[in-house]
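Chemist: Following is a predicted model, sequence given first.
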Amino acid sequence: MTDERLIAENRKAFHDYHIEDRLEAGISLTSTEIQSVRRGRVNLRDSFARVEGGEVILYDMHISPWEYAHEGGHEPKRPRKLLLHKGEIRKLAGKTSQRGYSIVPLRIYFKGPWVKVEIGLAKGKKLYDKREDIAERDRQRETERRLKDRERGRADR
């Protein structure tokens, strides 16, 4: 089994989208970006990817500048190329051409020495879907609380 170490996660994506498919992609980074990523200075919130000219480009992923870099280092929100096979890119291009589909990064992690991004083929949730998810989570929490109270009541006797 390969050693995976989580760097950052995009929890907002699970709130805003139904994730239909997931893919693992490599990412093209500069040396100063790698140094910042090693320190966990990455934010995936509001980032997205597009298929352009046979390549998948990741936009709005913020990697903080490395404080020891010469001449300013890198631009924090520059577009970054994702490394995928041609078949995977064609599949993503076909799906995202349909209305309502997006490519969103779900998490960024180390897999051995390499930085990987897990991207998801996502369809936007409607407001009522989000409310339904929140209600379901509240029901689950309430059920767990009742079970815990019931177990605690038995332990007190």
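Modeler: Now that the structure is in, tell me what you want to look at.
Chemist: for residue 102, what are its contacts?
Modeler: Neighbouring residues of residue 102 by Cβ atoms under 8 Å, 6 or more residues apart in numbering: 17, 48, 96, 121, 122, 123, 124. Yep, even glycine has a C-beta here, placed from its N, CA and C like the rest.
Chemist: could you redo the last one with a cut-off of 7 Å?
Modeler: Residues near residue 102 by Cβ atoms under 7 Å, 6 or more residues apart in numbering: 17, 48, 96, 122, 124.
Chemist: With residue 104 instead?
Modeler: Residue 104 makes contact with 10, 13, 17, 48, 119, 120, 122, according to Cβ under 7 Å, 6+ apart.
Chemist: Okay, helices next: where are they in this protein?
Modeler: Secondary structure of the chain (DSSP state H): helices at 11-16, 31-38, 86-96, 127-156.
Chemist: Give me the residues contacting the third one.
Modeler: What it means is helix 86-96. Contacts for helix 86-96 (Cβ under 7 Å, 6+ apart): 23, 51, 54, 56, 101, 102, 103, 121.
Chemist: One more pass at 6 Å, please.
Modeler: Here helix 86-96 makes contact (Cβ atoms under 6 Å, 6 or more residues apart in numbering) with 23, 51, 56, 101, 121.
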